[in-house]
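Engineer: model the following, please.
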Amino acid sequence: MIDDSPLQMFGYVLIHDADTREVLVDKANQINFESMSYALALSLGHRPGGNIMQMVFGNGASSVSAVGGISYLAPNVTGTDAQLYNQTYAKYVDDLSPLLNTNPTDNFIRVNHSTGTTYSDVVVTCLLDYNEPSDQDASDIAPDLAGKFIFDELGLKTYDTNTLDGMLLSHVIFHPVQKALNRRIEIIYTIRIVMAK
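Structural biologist: Numbering: from 1, shown residues only. So this is what the prediction gives:
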């Protein structure tokens, strides 16, 4: 018998200043359904390479015109080899991997479910502290958007110890946000998995 209950997934990203709580980004993301289906199968089969391990950051998804207008590329969510347009930083968020994630109190994954519902949330929390990334600007007042840590894209990735890389499961593109020494940024990235009845 074939179960025709559709599986749906939605992603949502909240980025805010960790000290002032100012919201910097608040928007939905795109899911890479091929990578996500493969990751789910690996996880259910208790095989490596299926769990979320990293939050990855980049600066290649937007460009600024001569008059200051910003244009954005489409999210890159096709194929198991999809990547960010220009990944410049990655942070381990799997709090069950202490050798990779050195601060599991600030970078962690939680699964939320309410009994009787047909959806569950995977909530990934990541903190970029004052001192990270290591070669960032001293202050978040960059004169242009060309800096290495002026992020305009991020995603969630699995991790494969054989290739030292993983699959991009999701991708969100947003107006550029600068990470500098004078600010801590917290990202709360939620993936909702829904089994419709």
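Engineer: separation between residue 166 and residue 55?
Structural biologist: Computed as Cβ to Cβ, to the nearest Å, the residue 166 to residue 55 distance reads 12 Å. To be clear about C-beta, it is placed using only N, CA and C from the backbone, and glycine gets the same treatment.
Engineer: tell me if residue 126 really is in a strand.
Structural biologist: Yes: assignment of residue 126 by DSSP: H, G, I helix; E, B strand; the rest coil places it within a strand.
Engineer: adjust the sequence numbering to begin at 33 for everything that follows.
Structural biologist: New numbering, starting at 33: the last item is residue 158.
Engineer: list the beta-bridge partners for it.
Structural biologist: Here residue 158 sits in beta bridges with residue 219, going by DSSP bridges.
Engineer: need the contact list for it.
Structural biologist: Applying Cβ atoms under 8 Å, 6 or more residues apart in numbering to residue 158 gives the contacts 87, 123, 125, 138-139, 218-219, 221.
Engineer: sorry, back to before: which residues are common contacts for residue 198 and residue 87?
Structural biologist: Shared contacts of residue 198 and residue 87, counting by Cβ under 8 Å, 6+ apart, come down to residue 189.
Engineer: farthest pair within the contacts of residue 158?
Structural biologist: 138 and 221 (14.0 Å; Cβ to Cβ).
Engineer: the two: who's more crowded?
Structural biologist: residue 221 (24 against 18; other Cβ atoms under 10 Å).
Engineer: what comes up buried for the helix or strand containing that one?
Structural biologist: If you go by DSSP states H and E, residue 221 is part of strand 217-227. Of all the residues in strand 217-227, those buried under the rule 16 or more other Cβ atoms under 10 Å are 217-219, 221-223, 225.
Engineer: just send these back as a markdown table, with distance to residue 192 and pLDDT too.
Structural biologist: As requested, the buried residues of strand 217-227 are arranged in a markdown table below (distance: Cβ to Cβ, whole Å; pLDDT from 0 to 100):
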| residue | distance to residue 192 | pLDDT |
| --- | --- | --- |
| 217 | 27 | 96 |
| 218 | 27 | 97 |
| 219 | 23 | 97 |
| 221 | 20 | 97 |
| 222 | 24 | 96 |
| 223 | 19 | 96 |
| 225 | 22 | 93 |
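Engineer: now, which of those residues sits nearest residue 62?
Structural biologist: Nearest to residue 62 among the buried residues of strand 217-227, with distances taken as Cβ to Cβ, is residue 223, at 11.4 Å.
Engineer: shouldn't that closest one be in contact with residue 204?
Structural biologist: No: Residue 223 is not in contact with residue 204 according to Cβ atoms under 8 Å; the separation is 11.2 Å.
Engineer: now do the shared contacts for those two.
Structural biologist: Here residue 223 and residue 204 have residue 43 as joint contacts, going by Cβ under 8 Å, 6+ apart.
Engineer: residues of stretch 53-63 that come out buried?
Structural biologist: Neighbour-count burial for stretch 53-63, counted by 16+ other Cβ under 10 Å, picks out 56-57, 61-63.
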